[in-house]
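[1] need a structure here:
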Amino acid sequence: MSTLIVGVLAVTALVCAALPALLTLANLQAFRRAPRIKKNRTPVPQVSVLVPARNEAPVIERLAHDVLASGHVDLELVILDDDSTDGTAALVERLAAEDARVRLVRGGSLPAGWCGKQHACWQLAQAAAFDTWLFLDVDVRPEPDAIARSVAFLDASGAGLASGFPRQETGSFLEWLLLPLIHFVLLGFLPLGRSRHDNSPGLAAGCGQWFVTTRAAYERAGGHAAIRASLHDGIKLPRAYRRAGLTTDIFDASDIASCRMYTRSLDVWRGLAKNATEGIGAPATIVPFTLLLAAGQILPFVLVAAGVATGWQAWPRWTVAAIIGACSLALLPRLAEAVRFRQSLTSALAQPLAIGVFLAIQWYALARKLLGLKTSWRGRPLAPQ
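    Sure thing, here's the model as predicted:
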């Protein structure tokens, strides 16, 4: 490989690594946590906590106990049983008999053109008694002050929809490797400061595990009916709000909630592939993102390996400096996020491998879409049009 080609590749890697690194450092300041709750705050907010559940018997009682332990809030917990076959409904019925704040809603049949989760959330919205809502995934573990602080963030932001990003707990190899990339992609490629002043739908972001909104804003945006066929509410629901003229915002919920999304590496692969083509894996974005991520997060370490194999002596000093700088900038966001969000430092050091596997999932998802293969939510395929 000629020194000219190596130099060009080194500069390309440096630039592509610098872009997400610099944006991440800026976003870490803007990605603030929900405000603390003052003691004896009045009035106490009334919140409907809305949980879609499909075959969640192993965890539904734990979730209910966590939610019902919430302080500084008057709440109801509405759980929709979405055609479960494992006794989820019976468990919720027992919880409702023990605590009047719990209600069970039995989901209706899935209409044509609807994704299962969106239809479940739509039905939950119709059943809510209060006017402030928290849509919550069943695998999230909220702290006692989480709901009250999330509502306080929504009020302070003035947004129609706010979304919290819980701390992701990991166990299996692909959980450890890939799930920390949620924060890397969010903070490395979304200009958060600009998104709060520019209400373009393309700058919307969210986490489907934790959405806070009001009845009025939800109805104005069209709610989950506006994204009925989507498998990616984390992106699609905030965009629906923005298209309706409402603002959206995100916050760091890693200090008030945690989530174990998956328990097996195979589930991580399938779960990330499920909605990839509505994000980075979409036909219009996959090529530029592949080039940017591969150049900034993988290429620097390939060049290091090439230098070790062939000897650095023949390369100009500025080229070696650019390669070392690119490697440092590639790891900088992940290391900063590992400290901020209590992630694995060793996972951060595996960034080149993580990006390689992540991109493989995006291309796998796109290939499935082009082949016409169906995706699903909780084992149920998207209903036909």
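
[2] State the mean pLDDT of the longest helix seen in the chain.
    In the chain, assigned by DSSP state H, the helix with the most residues is helix 3-30. Averaged across helix 3-30, pLDDT comes to 96.

[3] mind listing what's buried in the helix or strand following it?
    Heading C-terminal from helix 3-30, the first helix or strand you meet, by DSSP states H and E, is strand 46-53. For strand 46-53, the neighbour count (16 or more other Cβ atoms under 10 Å) marks Val47, Ser48, Val49, Leu50, Val51, Pro52, Ala53 as buried. Where you see a C-beta, it was placed from the backbone N, CA and C, and this is true even at glycine.

[4] so where's the stretch 1-150 of the chain uncertain?
    Across the stretch 1-150 of the chain, the ranges flagged by pLDDT under 70 are 1.

[5] separation between Trp269 and Phe189?
    Trp269 sits at a distance of 22 Å from Phe189 (criterion: Cβ to Cβ, to the nearest Å).

[6] could you pull out the helices for the stretch 101-250 of the chain?
    Counting by DSSP state H, counting those that start in this stretch, the stretch 101-250 of the chain has helices at residues 116-127, 146-157, 173-178, 181-189, 192-195, 215-221, 233-243.

[7] possible to save these as a markdown table with mean neighbour count and distance to Ile5?
    Below are those laid out as a markdown table (neighbours: other Cβ atoms under 10 Å; distance: least, Cβ to Cβ, whole Å):
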| stretch | mean neighbour count | distance to Ile5 |
| --- | --- | --- |
| helix 116-127 | 21 | 48 |
| helix 146-157 | 23 | 49 |
| helix 173-178 | 20 | 31 |
| helix 181-189 | 21 | 27 |
| helix 192-195 | 16 | 36 |
| helix 215-221 | 18 | 51 |
| helix 233-243 | 24 | 38 |
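
[8] May I see the buried residues of stretch 78-91?
    In stretch 78-91, counting by 16+ other Cβ under 10 Å, buried: Val78, Ile79, Leu80, Asp81, Asp82, Asp83, Ser84, Thr88, Ala89, Leu91.

[9] closest to Leu303 out of the helices of the stretch 101-250 of the chain?
    helix 181-189 (20.6 Å; Cβ to Cβ).

[10] tell me what that closest one is packed against?
    When contacts are defined as 3 or more Cβ pairs under 8 Å, 6 or more residues apart in numbering; DSSP states H and E, helix 181-189 packs onto helix 3-30, strand 161-165, helix 317-340, helix 351-370.

[11] partner residues bridging Pro142?
    Pro142 forms beta bridges with Ala257, as assigned by DSSP bridges.

[12] Contact partners for Gln351?
    Gln297, Ala330, Leu331, Arg334 (Cβ atoms under 8 Å, 6 or more residues apart in numbering).

[13] would you turn the residues you listed into a markdown table with neighbour count?
    Below are the contacts of Gln351 laid out as a markdown table (neighbours: other Cβ atoms under 10 Å):
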| residue | neighbour count |
| --- | --- |
| Gln297 | 31 |
| Ala330 | 26 |
| Leu331 | 21 |
| Arg334 | 27 |
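
[14] Can you add pLDDT and give those residues back as TSV?
    Supplementary listing: the contacts of Gln351 in TSV, determined by pLDDT from 0 to 100:
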residue	pLDDT
Gln297	98
Ala330	98
Leu331	98
Arg334	98
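
[15] and the gap between the spatially most central residue of the chain and Gly108?
    Nearest residue to the geometric centre of the chain (Cα atoms, centre = their mean): Cys207, 3.9 Å. Separation of Cys207 from Gly108 (Cβ to Cβ): 27 Å.

[16] that older thread, kindly indicate which of the buried residues of stretch 78-91 lies nearest Leu370.
    Leu370 lies nearest to Asp82 out of the buried residues of stretch 78-91, by Cβ to Cβ, at 29.3 Å.

[17] if I read this right, that closest one contacts Ala53, doesn't it?
    Yes. If you go by Cβ atoms under 8 Å, Asp82 and Ala53 touch, sitting 6.4 Å apart.

[18] now for the buried residues of stretch 78-91, which pair is the farthest apart?
    Longest span within those, Cβ to Cβ: Val78 and Asp83, 16.8 Å.

[19] List of residues touching stretch 99-108?
    So stretch 99-108 is contacted by 64, 68, 75-83, 89, 92-93, 95-96, 119-120, 123-124, 127 (Cβ under 8 Å, 6+ apart).

[20] err, stretch 251-269, not the other one
    Residues from elsewhere that reach stretch 251-269 (Cβ under 8 Å, 6+ apart): 31-34, 137, 139-143, 145-146, 149-150, 153, 157, 162-175, 178-179, 209-210, 271, 340-342, 361.

[21] then that stretch to PDB, C-alphas only?
    Output in PDB follows, covering the C-alpha atoms of stretch 251-269 (Å, rounded to 0.1, in the frame of the first residue of the first chain):
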ATOM      1  CA  PHE A 251     -33.700  13.200  28.500                       C
ATOM      2  CA  ASP A 252     -31.200  10.900  30.300                       C
ATOM      3  CA  ALA A 253     -33.200   8.500  32.400                       C
ATOM      4  CA  SER A 254     -30.200   6.300  33.400                       C
ATOM      5  CA  ASP A 255     -30.400   7.500  37.000                       C
ATOM      6  CA  ILE A 256     -34.100   6.700  37.400                       C
ATOM      7  CA  ALA A 257     -34.700   3.600  35.300                       C
ATOM      8  CA  SER A 258     -33.000   0.500  34.000                       C
ATOM      9  CA  CYS A 259     -34.000  -2.000  31.300                       C
ATOM     10  CA  ARG A 260     -32.900  -5.500  30.300                       C
ATOM     11  CA  MET A 261     -34.200  -5.600  26.800                       C
ATOM     12  CA  TYR A 262     -33.000  -9.100  25.900                       C
ATOM     13  CA  THR A 263     -31.500 -12.100  27.600                       C
ATOM     14  CA  ARG A 264     -29.900 -13.900  24.700                       C
ATOM     15  CA  SER A 265     -27.500 -12.900  21.900                       C
ATOM     16  CA  LEU A 266     -29.900 -14.300  19.300                       C
ATOM     17  CA  ASP A 267     -32.700 -12.100  20.700                       C
ATOM     18  CA  VAL A 268     -30.400  -9.000  20.400                       C
ATOM     19  CA  TRP A 269     -29.800  -9.700  16.800                       C
END
